[in-house]
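Chemist: model this:
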Amino acid sequence: MRYWLFKSEPSTWSWDDQVAKGDAGEEWDGVRNYQARNFMREMAVGDRGFFYHSQKEKAVVGIVEVIAEAHPDSTTDDDRWECVDIKAIESLPTPVTLDQIKAREDLSEMVLVNNSRLSVQPVTEAEFKTICAMGGL
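Modeler: So this is what the prediction gives:
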């Protein structure tokens, strides 16, 4: 299993929106960055990821699971763009903020710390476990 981070503006698609989709999940659509698209192409069903609220909150708020591998993005006719489907698994009892992540030496190499604008990014197993513990899981 691999680990990922999915960033979303809560005003566009929030954790509550994702949770409301239940086991059916939702496409992680609208990504128009080649690096982020390529990361989605690497994903496998069962991979886990963080759901991250960008903009004001800037915090990891939940855990998702990849439920469908990369396929054409239904929001465009341009065949360059693909997406995966994800479903909500669990809320973090305590959201973990970007400031908290940046304050940790053991998370200093995390993609989120060094390339915070990338909307889909890999997370190491150690980073995943550390942030889960920080969030009360």
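Chemist: Show me the strands in this protein, by range?
Modeler: 3-8, 26-27, 48-53, 59-72, 82-97, 120-123 (DSSP state E).
Chemist: what about stretch 55-63, how long is it end to end?
Modeler: This stretch, stretch 55-63, spans 19 Å end to end (C-alpha to C-alpha, to the nearest Å).
Chemist: Would you format the strands of the chain as CSV with mean neighbour count, distance to residue 112 and mean pLDDT included?
Modeler: Bear in mind the C-beta positions are built from the backbone N, C-alpha and C, glycine included. Output for the strands of the chain, formatted as CSV (neighbours: other C-beta atoms under 10 Å; distance: least, C-beta to C-beta, whole Å; pLDDT from 0 to 100):
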stretch, mean neighbour count, distance to residue 112, mean pLDDT
strand 3-8, 22, 6, 98
strand 26-27, 18, 22, 97
strand 48-53, 24, 7, 98
strand 59-72, 20, 9, 98
strand 82-97, 19, 10, 98
strand 120-123, 21, 7, 98
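Chemist: do you know which of those strands lies nearest residue 111?
Modeler: Evaluated over the strands of the chain, closeness to residue 111 peaks at strand 120-123, with 4.2 Å, by C-beta to C-beta.
Chemist: now for that closest one, which elements pack on it?
Modeler: Helices and strands touching strand 120-123, by 3 or more C-beta pairs under 8 Å, 6 or more residues apart in numbering; DSSP states H and E, are strand 3-8, helix 34-42, helix 111-114.
Chemist: Could you list the alpha-carbon positions for it in CSV?
Modeler: Extracted C-alpha coordinates of strand 120-123, given in CSV (Å, rounded to 0.1, in the frame of the first residue of the first chain):
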residue,chain,number,x,y,z
VAL,A,120,-1.9,15.5,-5.2
GLN,A,121,1.3,14.3,-3.7
PRO,A,122,3.0,11.2,-2.2
VAL,A,123,3.4,10.7,1.5
